[in-house]
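# how would this look folded up:
(chains A, B, C and D)
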There are 2 protein chains.
Amino acid sequence: MSTMREVAAVAKVSAKTVSRVFNNDPHVLPETRERVEAALRELNYVPNTLATTFRAGRYPAIGIAVPDLVDPFFAALAKAVGQLAAQHNMSILVTNLHDDPEREQPIVEALLRQSLSGLIIAPISHDQAYLAAWASRTPIVFVDRAPTKVPADHFVEDDHGGAYTATEHLINHGHQRIAFLGDSLDIPTTRNRYHGYNDALRHHQLPNHDELVALGAMDRDRAATAFAQLEALQPPPSALFCSNARCAMALVPVLSRTELAVTTFGDFPMADMVTPAFTVIDQNPVRVGQLAGQRIIDRIQHPNRRYRRRNVLPVGLIERESCLNTARLHPSHQPTLTTAHSSKAG
Amino acid sequence: MSTMREVAAVAKVSAKTVSRVFNNDPHVLPETRERVEAALRELNYVPNTLATTFRAGRYPAIGIAVPDLVDPFFAALAKAVGQLAAQHNMSILVTNLHDDPEREQPIVEALLRQSLSGLIIAPISHDQAYLAAWASRTPIVFVDRAPTKVPADHFVEDDHGGAYTATEHLINHGHQRIAFLGDSLDIPTTRNRYHGYNDALRHHQLPNHDELVALGAMDRDRAATAFAQLEALQPPPSALFCSNARCAMALVPVLSRTELAVTTFGDFPMADMVTPAFTVIDQNPVRVGQLAGQRIIDRIQHPNRRYRRRNVLPVGLIERESCLNTARLHPSHQPTLTTAHSSKAG
DNA sequence: TTGTAAGCGTTATCAC
DNA sequence: GTGATAACGCTTACAA
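Numbering: from 1, shown residues only, chains lettered A, B, ... in the order given. This next block holds a predicted model:
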């Protein structure tokens, strides 16, 4: 690991001239350049990125903080940001919040202390006010979940609309007792989806009983428990709206044993291949990642331009067979079976 | 963003004293400490990580370069490294190689230039000789795939043994024409697994025809094409060994329409829920990540200790129903159906 | 065209 | 116990 000074000594020039040659500054005599280039090669010079970054005062990297890297949605999102960043000679710094609201602030602040060029965050805490102090220095863009107690750019999916659509889809299939399964109403996206579900019920003059809401379905065991509670109701629900893909995945084992009609928010790998295939509200993590990344780049390049803070991306319904099984109750509603692929996770 | 100098000015001490207070150096008078702490709070001092890192000459971060972040195996691996790193006050720098052998070297070298504390890599190129120059400065650990043309620590799964087991499992079910489906024999893991498959056939005196080997099954379309070729054979194979989870996932749609017995290398989310449920060779990305991360930490803390370079992790067979369907050909072999969960992706 | 000096923010060294 | 000084490697501003 030789430094510019060492190269300079070999080439018998000053460090500055080495810098000029290395950075293709035209103001160097061809013969000098040649001598320096020989020295660069000889010493196998590699710039010290730490020094360059420190000097520049800004790390050419976009930070990405997500609840869980293993969630295909966030993995795809991070990957998309990475591709965009690479086009702008930036790297990405992916950090896992480990689904722990308490750890969010320390983890994110550790990230921000690195003088990042930008931060993309899908928060899990209930309050991101702590980010206000950083926003003046670092462009911050929220994804998937809108910011709480701090104004900031955000690109979110239409939680309410998607949940409304999914619920109405079940209603149109003749269902009257539709359950809601989710992780926690403390999570804004889940709350928004709950409201969408609720509004759909209300709009169709269907009662919304609290007993129909089951939460905590984070893994297979807990999903089974939550689901058992719903099945024990008198009468049990005939349909279910699942508020996110993770819960849906956890639900698959019990679902295959039942007759329930199900829709879920968020596609997942193999959603079209399990039994029954899930009718889903389709999110687009790649698009979210691209838009968020582009906003960071724009904010860096044009700090004074005005931008729309709130950006809600439309979501679509991908109909599969998971709500077919009750069509026989109401033959008048024959849904269309599409063969859309769940290609998110390649 | 105030600096130590500014804090020092307010507290009427030198920058060094601020540094001492901030870093809990005991050699500070209580009253001085108090004054400095007040100033720290007043100016809301936050250290500049860039400067500290530059000064230290070493970035407290472990780089992780994987073929594809969206692959659940690598996502889980990266997550595990991240958890370990956090325990040692390090962060992780995840980089996606985008499955492109050409881009590996530039991407990885950009990563290494940052004076990382260590690098964990699952390479996709055919030659990692370029890493030799870096290894003296940065501990490098290979995962999933052994290094080519450079000596380095590596933690890999037992590709050959796993493939042998999976193939033998099919043979034990009475199959004689067993096909091999994979991505590319250029990939060392795939090649190792191919050898394992081949050796199992040979050991059982079964012929291994080239026509039974189908490659390029990277996505659903190409998997369908590759599979169609196999089906068109006279006679067609009665069983299939799939060399990795990604190909297996791509194969699911066509597989549900067939009668083939299938085993695959690498579990994947929902592998136990699709039809038929896949019998898989189970890898353990979390364990690989933990071991690799720990090796980096060990190498940093004890540079002179000796370590075992080559570490092959055993893999196990998780039997599910995907090779049941031919049991009726040979009723004597009734496999046990386990209900093991594919809980990798949480 | 080339070189000198200075500084980014922090910390180790060595005075006092 | 505290502070002045220098240094990490690079690049900007300014001179020569």
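# Can you tell me which residues in the stretch 101-250 of chain A are near chain B?
Residues of the stretch 101-250 of chain A found near chain B (C-beta under 8 Å from any C-beta of the partner chain) are A:109-111, A:113-115, A:133, A:137, A:219-220, A:246, A:249. Backbone N, C-alpha and C define where each C-beta goes, glycine included.
# host element of residue A:95?
Per DSSP states H and E: residue A:95 is located in strand A:91-96.
# Neighbouring strands - and their directions - for that strand?
Sheet pairing of strand A:91-96 (DSSP bridges) gives strand A:59-66 (parallel).
# Show me which positions of the partner strand end up buried.
A:59-66 (16 or more other C-beta atoms under 10 Å in any protein chain shown).
# what's the answer for stretch A:145-159, then?
A:145-147, A:150, A:152-159.
# what's near enough to touch the most centrally placed residue in chain A?
Central residue of chain A (C-alpha atoms, centre = their mean): residue A:74, 4.1 Å from the mean position. Residue A:74 makes contact with A:66-68, A:122, A:144, A:285 under the criterion C-beta atoms under 8 Å, 6 or more residues apart in numbering or on different chains.
# And the pLDDT for it?
pLDDT, residue A:74: 94.
# Now do the strands in the stretch 101-250 of chain A.
A:116-121, A:140-143, A:153-157, A:178-181, A:213-214, A:239-242 (DSSP state E, counting those that start in this stretch).
# what sits up against the last one?
Same thing as strand A:239-242. In contact with strand A:239-242 (C-beta under 8 Å, 6+ apart) are residues A:163, A:166-167, A:170, A:173, A:175, A:177-182, A:197, A:217, A:230, A:248, A:251, A:260-265, A:323, A:326.
# how about that strand as PDB, C-alpha atoms only?
Provided in PDB are the C-alpha atoms of strand A:239-242 (Å, rounded to 0.1, in the frame of the first residue of the first chain):
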ATOM      1  CA  ALA A 239     -62.500 -15.200   4.400                       C
ATOM      2  CA  LEU A 240     -59.300 -13.600   5.500                       C
ATOM      3  CA  PHE A 241     -57.300 -10.500   4.600                       C
ATOM      4  CA  CYS A 242     -53.700 -10.900   5.500                       C
END
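# Report the strands that pair with that strand, each with its relative direction.
strand A:178-181 (parallel), strand A:261-265 (parallel).
# Now tell me what touches the first one from outside.
For strand A:178-181, the surrounding residues in contact (C-beta under 8 Å, 6+ apart) are A:167, A:170-171, A:194, A:197, A:201, A:206, A:212-215, A:217, A:223, A:226-227, A:230, A:237-243, A:247, A:251.
# can you list the weak-confidence ranges in the stretch 201-346 of chain A?
Residues of the stretch 201-346 of chain A that meet the criterion pLDDT under 70 lie in A:323-346.
# tell me the domain ranges of chain A?
A:4-47, A:59-157+A:285-313, A:159-284+A:316-333 (automatic domain parsing).
# quick one: which of the ones you listed is nearest DNA strand C?
Of all those, it is domain A:4-47 that lies closest to DNA strand C, at 3.2 Å by C-beta to the nearest atom of the strand.
# what's the span of that closest one from first residue to last?
End-to-end distance for domain A:4-47: 8 Å, by C-alpha to C-alpha, to the nearest Å.
# coming back round to it: ok but the residue nearest to the centre of chain A is inside a strand, no?
No - going by DSSP: H, G, I helix; E, B strand; the rest coil, the assignment for residue A:74 is helix, not a strand.
# picking up where we left off before, which one of the buried residues of stretch A:145-159 is nearest to residue A:30?
Set against residue A:30, the nearest of those by C-beta to C-beta is residue A:153 (48.0 Å).
# Would you agree residue A:206 is in contact with residue A:176?
Yes - taking contacts as C-beta atoms under 8 Å, residue A:206 lies within contact range of residue A:176: 5.9 Å.
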